[in-house]
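S.K.: Give me a model of this one.
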Amino acid sequence: MATAYDAFTSGKNSYRDTIEWPCIQSMLPDINGKSVIDLGCGSGRYTFLLEEASPRKLTGVDISDEMLRIAREKADSRGSKARFIKGDLHDFVPEDQYDVVFSSTLSHYIVDLFPLFANIYDMLTYKGICIISVMNPIYSAHYPLTKGGQDIAEPSDTGLVQPWYNGDDELEELLNCSYHHTFSDYINAIIHNGLTILEMQEPIHAEPNNSGNSREIPSYLIIKLQKN
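M.R.: Have a look, this model is predicted:
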C-alpha cells in the first residue's frame, strides 16, 4: 500500500498539490528556525515541503515501516536533515515539545479523536501552532461502505473505504478502512483538550473532478489551532 500511496500523492495534479497545499501555505506560521513535527508523515511528502521553510528541527512520525523506509530513502537522496521515527499516534509521546505540529489527512484513520488532540496539546510548546488538514466531513460522508455489492463494514460501523484505490478490483488487497468524523466530533475534541481554533478553511475544486463531485463539495477541512 505504501508504494501505491506514494505514487498517488506524488502526481503533479494530485489534490495535495492543487487544492490542499496552497491552502495550508496560506495558514502556516513562519517556521524558520522553529521545531516542527509532521504527524502521520507517510512517505514524507509534506515533511520535505515543510523543510523548504528552514525549520530548526523537523521530525516525521508514522506507524508504517514501509512508509518510513520510503521517506528515509528520499531524505538520503535529498540530503534532508528531517528525522523519521515510528510511532502510533493513539499513544505517541515525543521526546520534546514542538513549536509547530502539522498533520495531513491522518484523523480518518483514528477511531477516537479525543486522544489525538490530547496528544497534540501535549506536543505543543506554549503558544505553539497546529495545522491539521482532515478529510472534510461532507466529503467523507460520501465514501462507500461496500465494494462491488459486498459489505466491508458492519452496518453499525463508521468504517468506510478509502477512495484512492480508483475502483480497481485487482487492488483489493490495498483497500483501507477509515472512519467518518462529523464537524462536531472535531470541534468537541478540540475544545475538550484546551486548544483554541484560530482559523478554518475548506478549499474546493476549481472544476468538477473525475468522481463526479461538484466544486461546491470541499475535499478538505483545514484547521489552525493554538495552545494557550
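S.K.: what comes up buried for the longest strand that the chain contains?
M.R.: Longest strand in the chain by number of residues (criterion: DSSP state E): strand 124-135. Across strand 124-135, burial judged by 16 or more other Cβ atoms under 10 Å covers 124, 128-135. For glycine as for every other residue, the C-beta is placed from the backbone atoms N, C-alpha and C.
S.K.: ok, which pair from those residues is furthest apart?
M.R.: The span of the buried residues of strand 124-135, defined through Cβ to Cβ, is set by Gly128 and Met135 at 24.1 Å.
S.K.: Helices along the protein, start to end?
M.R.: For the chain, the helices defined by DSSP state H occupy 2-10, 15, 21-27, 45-51, 65-78, 113-123, 137-140, 183-192.
S.K.: which one of the ones you listed lies closest to Asp88?
M.R.: Counting by Cβ to Cβ, and looking across all of the helices of the chain, nearest comes helix 113-123 at 10.3 Å.
S.K.: what's the angle from that closest one to strand 124-135?
M.R.: With axes from the mean of the first three to the mean of the last three Cα atoms, to 10 degrees defining the directions, helix 113-123 sits at 140 degrees from strand 124-135.
S.K.: For helix 113-123, which helices and strands make contact with it?
M.R.: strand 98-104, helix 183-192, strand 195-201 (3 or more Cβ pairs under 8 Å, 6 or more residues apart in numbering; DSSP states H and E).
S.K.: Out of these, flag the one nearest Phe114.
M.R.: Going by Cβ to Cβ, the one of the helices and strands packed on helix 113-123 nearest Phe114 is helix 183-192, 4.9 Å.
S.K.: Just list the residues touching the nearest residue to Pro115 once chain neighbours are set aside, thanks.
M.R.: Distances taken as Cβ to Cβ, 6 or more residues apart in numbering place His90 nearest to Pro115, at 5.7 Å, with adjacent residues excluded. Counting by Cβ atoms under 8 Å, 6 or more residues apart in numbering, His90 touches 110, 112, 115-116.
S.K.: could you check the distance from Ala2 over to Thr18?
M.R.: For Ala2, the distance to Thr18 equals 23 Å [Cβ to Cβ, to the nearest Å].
S.K.: So between the two, which is more surrounded?
M.R.: Applying other Cβ atoms under 10 Å to Ala2 and Thr18 shows that Ala2 carries more neighbours, namely 18 against 15.
S.K.: thinking again about what came up before, next one, pLDDT for the residue nearest to Pro115 please.
M.R.: As predicted, His90 sits at a pLDDT of 78.
S.K.: Just give me the neighbour total for Glu202.
M.R.: As a burial measure, Glu202 scores 14 neighbours (other Cβ under 10 Å).
S.K.: Report the spatially nearest residue to it, omitting neighbours in sequence.
M.R.: Per Cβ to Cβ, 6+ apart, closest to Glu202 is Pro218, 3.8 Å.
S.K.: who are the neighbours in contact with the one you found?
M.R.: Residues in contact with Pro218 (Cβ under 8 Å, 6+ apart) are 136, 138-139, 202-204.
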